[in-house]
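> compute the structure for the input listed below.
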Amino acid sequence: MALFKIEKNKLISVSEKKINLEKDIQKLTEENLEVILGYKFIASELRVDNFRFDTLAWNPETKSFIIIEYKKDRNFSIVDQGFSYLSLLVNKKEFFLIEYFEHTKQNLRREDVDWSQSRIVFVSPLFTQHQINSVNFKNMAFDLYEIKIFENNTILFDQVKPAESSESIDLIIKDSKFESVSREIKNYSIDGLFKENWKESREIFDVLSDRIVALDPNIRLSPTGGYVGCKIENSNVVDLHPHKSFIELALLRVKPEDLNDPEKRVAYQELSMEHWNKHVSIFKVKNIEDIDYAMMLIKQVYKKFIEK
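Numbers count the residues shown, from 1 in each chain. Below you'll find the model as predicted:
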């Protein structure tokens with residue numbers, strides 16, 4: 001990727017700096033983990049059994065653990081290492097709960113964690129095409145990020161997205177370790193949130209989500225186990241919760257009195273501060289005709305979000 005700076009209306013090329021050590025990538029990422037990925041840093045250089053991994057993090061949105069590995073060289077197998085770490089998360093749950101307590105002084109119970117949304121993140125200056133292709137399966141809980149540092153102290157931290165695939169890695173690899181992990185770790189999709197007879201709410205969702213994404217090219221849809229987050233960078237602006245005949249729209253970081261709601265149709269989500277550390281208000285989109293009203297509310301939340 002070429003980077004330029006403007007000087008007197010001329011484009012001057014900015015050179016990429018060589019990253020000498022994996023530790024340089026790790027230090028930079030860990031000290032800015034919440035800004036870069038939206039994760040909470042827990043610990044570095046942990047050992048369990050015969051494995052050592054670089055960073056343990058916590059995703060407060062999905063309530064799940066994240067293991068991060070940093071690579072300067074390209075000679076490693078993402079699939080082998082990734083599944084080994086996922087296997088640790090599945091089979092050594094108590095270890096991760098103890099580490100969380102020791103480093104945060106906060107208790108976390110097994111049932112407080114959504115183990116199905118555990119993920120492995122690989123960070124490297126460059127991935128080979130083979131490595132990118134190796135995660136091109138629908139149930140791979142791996143994220144790849146390329147990091148580049150330039151001479152003008154600019155840093156590019158970019159997620160590498162393989163082409164979408166409908167094929168499961170279970171059909172390719174027959175191994176007990178892979179199968180046990182695949183049973184517990186889930187890679188959620190929008191289609192998976194809708195039952196076959198939920199056609200009414202699916203139609204509402206498709207129209208509404210298209211209009212939300214059209215608000216800003218930076219908005220992306222991020223499905224989880226129970227809802228779809230409408231996300232800018234690492235923060236959700238609103239969430240869409242599918243039900244059989246309607247979509248529950250969660251308006252984040254606002255109370256009903258913060259919104260222009262002439263029909264008084266917005267309700268406050270009780271205990272939202274206790275559960276999610278943010279105010280959440282709810283609007284039910286019951287039919288296609290409700291979408292205009294929903295978008296009027298969403299635009300207000302979006303405006304508050306980008307101005308914060």
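
> C-alpha from now on. contacts and neighbour counts both.
Noted.

> which residue ranges form the helices in the stretch 101-250 of the chain?
Using DSSP state H, counting those that start in this stretch, the helices of the stretch 101-250 of the chain run over 129-134, 176-184, 199-215.

> only alpha carbons, please: show the shortest one as PDB.
Coordinates of each C-alpha in helix 129-134 appear next as PDB, following Å, rounded to 0.1, in the frame of the first residue of the first chain:
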ATOM      1  CA  GLN A 129      -1.700 -15.600   0.400                       C
ATOM      2  CA  HIS A 130      -1.500 -19.200   1.600                       C
ATOM      3  CA  GLN A 131      -2.100 -18.000   5.200                       C
ATOM      4  CA  ILE A 132      -5.000 -15.800   4.100                       C
ATOM      5  CA  ASN A 133      -6.600 -18.700   2.200                       C
ATOM      6  CA  SER A 134      -6.200 -21.100   5.100                       C
END
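
> rank the helices of the stretch 101-250 of the chain by pLDDT, which is bottom?
For these, the weakest mean pLDDT is recorded on helix 176-184, namely a mean of 69.

> the bottom helix or strand of the protein by mean pLDDT?
Lowest by mean pLDDT, DSSP states H and E among the helices and strands of the chain is helix 176-184, with a mean of 69.

> if we can go back for a sec, dump the helices of the stretch 101-250 of the chain to JSON lines, plus mean neighbour count and distance to Phe246.
As requested, the helices of the stretch 101-250 of the chain are exported to JSON lines (neighbours: other CA atoms under 10 Å; distance: least, CA to CA, whole Å):
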{"stretch": "helix 129-134", "mean neighbour count": "13", "distance to Phe246": "37"}
{"stretch": "helix 176-184", "mean neighbour count": "15", "distance to Phe246": "29"}
{"stretch": "helix 199-215", "mean neighbour count": "16", "distance to Phe246": "5"}
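
> mind giving me the domain ranges of the chain?
4-184, 191-307 (automatic domain parsing).

> and those domains, which one is worst for confidence?
Comparing mean pLDDT over the domains of the chain, the weakest stretch is domain 4-184, at a mean of 85.

> can you give me the end-to-end span of that one?
Counting by CA to CA, to the nearest Å, you get 45 Å between the two ends of domain 4-184.
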